[in-house]
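> structural data only, the sequence is not supplied:
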Ligand SMILES: [Fe+2]
Ligand SMILES: [Fe+2]
């Protein structure tokens, strides 16, 4: 903070990172008070058996994800050396602890007992928890887990599946959006300093993590459809958020590529697992692969880019 060697850009980023802590302090909310006032306003959350199971399963994954986020942000608060990102991570620890217990209490009010995490979601959090590489940890936590959670929150809130949850989620979204900021401010600088071998290792980790995230979403697909949420809408929102993040990172780090190869590969994977044709439409494997390759080559628009045009429901 008092290092005279800071360049202007570094000093600006440091101030932004420090402000993640201060804004977090200003916008802190009392989880117990918020949840009980929402239950008082709308009554205990009540849904049919099928919707309760579907919503319960999706938000159990979120609840375990919050516990993992709590541990991962605590690791980051420990290992980050510079004081400003350390402050940002420390404030995230406090937020994630609140997110975990409020989601636990919400599921209890809904009358749902959370099952253990499924294989793929568990893999995503264990990979992020287990790596000693700060760049991979930040990319996994701040840019992947946070973004996917944000998109699920936004879509479930928009579908107004259950009123207590719909009014609770904006509190989460505000906090998670701040957490993404820690990743966008730090990850490009870390990537820039990597040697070739380290960069390849980083990209392979990222692709593995993104593939596991998509498989986790695939496992969630029947439950999402049960509450009226097409996973493609989640990918479409995620795509817009990713585009925004890339723009932000390019603004700060002009060398950041326009259409990073990892994004192309990810969009191809999305097309293969969630074909544009829609859920329930059988698409032969050979055609899926051909479409996915077209997306990677950018000769075909991906499900992420085309979803909005076909579905007015997506904002
Ligand atoms: Fe969280
Ligand atoms: Fe978070």
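Great, that's in hand. Computed from a predicted model, the values in this text were never measured in an experiment. Ligands and ions are numbered 1, 2, ... in the order given.
> drop to CA atoms for contacts and neighbour counts, all remaining ones
Fine.
> so the closest residue to ligand 1 within the chain is in which element?
The chain approaches ligand 1 most closely through residue 96 (4.5 Å), counting by Cα to the ion. Element membership for residue 96 (DSSP states H and E) is helix 83-110.
> what sits against the residue of the chain closest to ligand 1?
Contacts for residue 96 (Cα atoms under 8 Å, 6 or more residues apart in numbering) come out as 66, 67, 69, 70.
> report pLDDT for it.
Note on residue 96: pLDDT of 97.
> and for the one 4 residues further on?
Note for residue 100: predicted pLDDT of 98.
> isn't it right up against residue 66?
Yes: Residue 100 is within contact range of residue 66, at 5.1 Å (criterion: Cα atoms under 8 Å).
> would you mind giving the contacts of residue 96 as JSON lines with pLDDT, distance to residue 294 and secondary structure added?
Formatted as JSON lines, the contacts of residue 96 follow (pLDDT from 0 to 100; distance: Cα to Cα, whole Å; DSSP: H, G, I helix; E, B strand; the rest coil):
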{"residue": "66", "pLDDT": "95", "distance to residue 294": "36", "secondary structure": "helix"}
{"residue": "67", "pLDDT": "96", "distance to residue 294": "38", "secondary structure": "helix"}
{"residue": "69", "pLDDT": "94", "distance to residue 294": "35", "secondary structure": "helix"}
{"residue": "70", "pLDDT": "97", "distance to residue 294": "39", "secondary structure": "helix"}
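> near ligand 1, list only the ones from those residues.
Contacts with ligand 1 within the contacts of residue 96, as defined by Cα under 5 Å from the ion: residue 66.
> are any of the contacts of residue 96 buried, and which?
Buried subset of the contacts of residue 96 (neighbour count, 16 or more other Cα atoms under 10 Å): 66, 67, 69, 70.
> picking that back up, next SSE after the helix holding residue 96?
Next element after helix 83-110 (DSSP H and E): helix 119-130.
> ok, then the element right after that following helix?
Helix 119-130 is succeeded, C-terminally, by helix 134-138 (DSSP H and E).
> helices and strands around that following helix, which ones?
If you count contacts as 3 or more Cα pairs under 8 Å, 6 or more residues apart in numbering; DSSP states H and E, helix 134-138 packs onto helix 49-79, helix 119-130, helix 163-192, helix 196-226.
> report the buried residues of it.
Neighbour count says helix 134-138 has 134, 135, 136, 137, 138 buried, by 16+ other Cα under 10 Å.
> which residues touch the residue positioned nearest the centre of the chain?
Ranked by distance to the mean C-alpha position of the chain (Cα atoms, centre = their mean), the top residue is residue 147 at 2.3 Å. Contact analysis of residue 147 by Cα under 8 Å, 6+ apart lists 180, 238, 241.
> tell me which element it is part of?
Using DSSP H and E, the element containing residue 147 is helix 146-159.
> any part of that helix near ligand 1?
No: Helix 146-159 stays clear of ligand 1 (Cα under 5 Å from the ion), getting no nearer than 7.3 Å.
> report the angle between that helix and helix 163-192.
160 degrees (axes from the mean of the first three to the mean of the last three Cα atoms, to 10 degrees).
> what about helix 146-159, average pLDDT?
pLDDT averaged over helix 146-159 gives 90.
> that one versus helix 49-79: what angle between them?
150 degrees.
> so what touches stretch 209-229?
50-51, 53-55, 57-58, 118-121, 123-124, 127, 140, 144, 155-156, 159, 161, 230-231, 266, 269-270, 273.
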